[in-house]
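Q: missing the sequence, but the structure's below:
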């Protein structure tokens, strides 16, 4: 007979492994989305555009619609999960929606353009929801400085899983002749395989035993829960609440700026240097390969020396990347910049995820990460707007980088005061 403590330790170890595998599984979607899915939509489904718009515009608006819907759903879903202690169930729902969207994308005919767009939107919303509850479950399995280490391990696993899944997916496309498939059919098969990858490696998280986090003080319904928590962020005068408010606000600014910078990096690769599909995949794989040890190194640094210096190094590294982007003049420069970006890519995100998880009041981790996602989307929107305005005013793409630098500096100043 297994002693209760031994069984409890085994459950805890399995929960930690299952949580890390969530990042491993979901990253398959994010890497395939920015390579094969965009190529399928723009080159196969809409090679001449659609609805009077260029394919690139349709793609951008598809992602914008997905962000808008997920931003509207996230706070309510998170507040509901907090009230019912249903973070694990919500994670499963998000994963099923995301993987189901990929399967639907593979199933609908290319002529059904509206269905293709709807499938991509569903997959992106599912991914966003799963990310909320990946973050909220972190509080259930660790605490203190170990949170930084585990968050970094999750990001590192995500980079590895995303890279391997992308290699598998692109191998299917490359082997289409041997499989007796044309290019569109091979891409659709790759989407199904990616969905299966996401589901299979998320299965441990669906059955793992995560600790309960349902604290006291929940409202009678989801709307009041959301309103009460949001009001507490502004009304509370408690010194103990200030670090959480500061970290949450700073993380929103930082993550919004980082996501905008990543999008502009991809645009730089595609437009200025006209990279083809295989070259873009190689660039993404390079970033994934370097980001893995980078995330682990940042996690070790935060555990050894503290979260503040590690965060300063990561955000400082991002600012350095944006400054150096002014001087990129060749594909070789672009690849060196990608290496530097990868070193701090996951580190900053893992540290911010860990900081929010550590400081969130018990029982409210879902709504905290839900609001973090909404704030990140809004901060990213504002950063993109400022970037575009400066580009329009000066005609220089590099000028928009100043807006991102200012946003990251402001984020670090807020976080520094909080932690």
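A: Happy to help now that I have it. Predicted model, so just to flag it, every value in this text is computed and none were measured.
Q: Find the centremost residue of this structure, please.
A: Centroid-nearest residue in the chain: residue 131, 6.5 Å away (criterion: Cα atoms, centre = their mean).
Q: Might one say that that residue is in contact with residue 376?
A: No - if you go by Cβ atoms under 8 Å, residue 131 and residue 376 don't touch, sitting 10.1 Å apart. For the C-beta atoms, the positions are set from N, CA and C on the backbone; glycine is no exception.
Q: which residues are contacting stretch 293-308?
A: 145-146, 148-153, 155-156, 159, 309-311, 313-314, 342-348, 350-351, 354-355, 416, 419 (Cβ atoms under 8 Å, 6 or more residues apart in numbering).
Q: Could you give me the PyMOL syntax to select whichever of those residues are buried?
A: Typed into PyMOL, the line below selects the buried ones among the contacts of stretch 293-308, using 16 or more other Cβ atoms under 10 Å:
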select buried, resi 145+148+149+150+151+152+153+155+156+159+310+311+313+314+342+343+344+345+346+347+348+350+351+354+355+419
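Q: and residue 109, what does it touch?
A: residue 115.
Q: And stretch 141-157, how far out from the chain middle?
A: 16 Å (Cα atoms, centre = their mean, to the nearest Å).
Q: quick one: average confidence on it?
A: Across stretch 141-157, the average pLDDT comes to 80.
Q: ok, for residue 294, nearest residue in space, not its chain neighbours?
A: residue 343 (4.2 Å; Cβ to Cβ, 6 or more residues apart in numbering).
Q: where's the one you found, which helix or strand?
A: Applying DSSP states H and E as the criterion places residue 343 in helix 331-359.
Q: Summarise which helices and strands that helix is packed against.
A: Packing partners of helix 331-359 (3 or more Cβ pairs under 8 Å, 6 or more residues apart in numbering; DSSP states H and E): helix 113-141, helix 146-174, helix 242-267, helix 277-305, helix 307-324, helix 365-394.
Q: Please enumerate residues in contact with the next helix or strand after the longest one?
A: When you say that, I think you mean helix 365-394. Helices and strands here follow DSSP H and E; after helix 365-394, the next one along the chain is helix 401-418. For helix 401-418, the surrounding residues in contact (Cβ under 8 Å, 6+ apart) are 242-247, 249-251, 253-254, 256-258, 260-261, 264, 308, 311-312, 315-316, 318-319, 322-323, 325-326, 355, 379, 382-383, 386-387, 389-390.
Q: Would you mark the buried spots in helix 401-418?
A: 401, 402, 403, 404, 405, 407, 408, 411, 412, 414, 415, 418.
Q: repeat for stretch 31-51
A: For stretch 31-51, by 16+ other Cβ under 10 Å, it's 31-42, 44-46, 50.
Q: what do you get for stretch 159-175?
A: In stretch 159-175, counting by 16+ other Cβ under 10 Å, buried: 159, 160, 161, 162, 163, 164, 165, 166, 169, 170, 172, 173.
Q: how about CSV for the residues you listed, with distance to residue 210 added?
A: Shown next, in CSV, are those (distance: Cβ to Cβ, whole Å):
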residue, distance to residue 210
159, 24
160, 23
161, 20
162, 24
163, 27
164, 26
165, 25
166, 29
169, 30
170, 34
172, 34
173, 37
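Q: Name the nearest residue to residue 317, ignoring sequence neighbours.
A: residue 344 (3.5 Å).
Q: That neighbour and residue 171: what is the separation?
A: Per Cβ to Cβ, to the nearest Å, residue 344 is found 30 Å from residue 171.
Q: Check residue 334 too.
A: Relative to residue 171, and taking Cβ to Cβ, residue 334 is found at 25 Å.
Q: now residue 20
A: From residue 20 to residue 171 the distance is 25 Å (Cβ to Cβ).
Q: what do you get for residue 150?
A: In terms of Cβ to Cβ, residue 150 sits 31 Å off from residue 171.
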